[in-house]
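K.L.:
need coordinates for the below:
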Amino acid sequence: MRIKRTAAVLLGLLPLTSGCAAVFKGGYQDVQFVAIPEGSDLRNNGEFLGETPTSAKVDRNNAGNFVVSKDGFHEQHVTLQRKPDTPWWIWDIATCVLPVMLCIPLGVDALSGAWFSYQETIRVKLEPLPYEPRGAASATQ
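P.N.:
Okay, the predicted model is just below:
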């Protein structure tokens with residue numbers, strides 16, 4: 001009977017060991033990438049993620065370096081800007097009073113990046129490379 005009571009207490013404390021935002025949102029976010037022209041390649045830190053439009057699972061703590069490219073167009077580097085999810089910050093700080101055990105979710109949410117979000121859809125327009133007629137490069141040499 002004593003083991004069951006201890007297990008019940010530990011299960012009751014389980015929600016206190018993980019952050020609220022980390023539980024509901026997680027440390028990753030799906031971000032949709034849309035590019036003009038469609039079918040552009042999307043890469044993150046050199047890894048091919050697919051052709052646009054596509055979505056990517058982005059780490060809330062470290063988005064990485066996104067590059068959108070297509071033959072005949074200038075490639076474009078995309079930097080995702082994190083924005084704070086203020087309601088989660090307020091909730092975590094408000095629940096971090098007495099006892100100190102309630103401060104664990106605050107730390108978990110801060111370390112997991114669950115306090116932050118990215119814009120849900122990223123739109124990119126690639127600029128075409130200048131037109132160069134065939135044989136123009138060899139004609140100038």
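
K.L.:
now the strands for this structure?
P.N.:
Under the criterion DSSP state E, the chain contains strands at 28-36, 41-44, 47-51, 54-59, 66-69, 76-78, 83-84, 116-117, 121-125.

K.L.:
just put these in a markdown table and tack on distance to Glu132.
P.N.:
In short, each C-beta sits where N, CA and C put it, glycine included. Listed next are the strands of the chain as a markdown table, based on distance: least, C-beta to C-beta, whole Å:
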| stretch | distance to Glu132 |
| --- | --- |
| strand 28-36 | 22 |
| strand 41-44 | 22 |
| strand 47-51 | 25 |
| strand 54-59 | 30 |
| strand 66-69 | 18 |
| strand 76-78 | 20 |
| strand 83-84 | 42 |
| strand 116-117 | 43 |
| strand 121-125 | 21 |
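
K.L.:
which one, of the ones you listed, ends up nearest to Arg134?
P.N.:
strand 66-69 (22.5 Å; C-beta to C-beta).

K.L.:
quick one: residues in contact with the closest one.
P.N.:
Contacts of strand 66-69 with the rest of the structure, by C-beta atoms under 8 Å, 6 or more residues apart in numbering, involve 33, 35, 40-44, 52, 56, 75-80, 122, 124, 126.

K.L.:
reformat the strands of the chain as JSON lines; add mean neighbour count.
P.N.:
What follows is the strands of the chain, written out as JSON lines (neighbours: other C-beta atoms under 10 Å):
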{"stretch": "strand 28-36", "mean neighbour count": "17"}
{"stretch": "strand 41-44", "mean neighbour count": "19"}
{"stretch": "strand 47-51", "mean neighbour count": "12"}
{"stretch": "strand 54-59", "mean neighbour count": "17"}
{"stretch": "strand 66-69", "mean neighbour count": "19"}
{"stretch": "strand 76-78", "mean neighbour count": "15"}
{"stretch": "strand 83-84", "mean neighbour count": "10"}
{"stretch": "strand 116-117", "mean neighbour count": "20"}
{"stretch": "strand 121-125", "mean neighbour count": "15"}
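
K.L.:
can you lay out these as a markdown table showing distance to Cys103 and mean pLDDT?
P.N.:
Output for the strands of the chain, formatted as a markdown table (distance: least, C-beta to C-beta, whole Å; pLDDT from 0 to 100):
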| stretch | distance to Cys103 | mean pLDDT |
| --- | --- | --- |
| strand 28-36 | 24 | 93 |
| strand 41-44 | 34 | 96 |
| strand 47-51 | 37 | 94 |
| strand 54-59 | 24 | 91 |
| strand 66-69 | 35 | 96 |
| strand 76-78 | 36 | 95 |
| strand 83-84 | 19 | 82 |
| strand 116-117 | 19 | 81 |
| strand 121-125 | 35 | 95 |
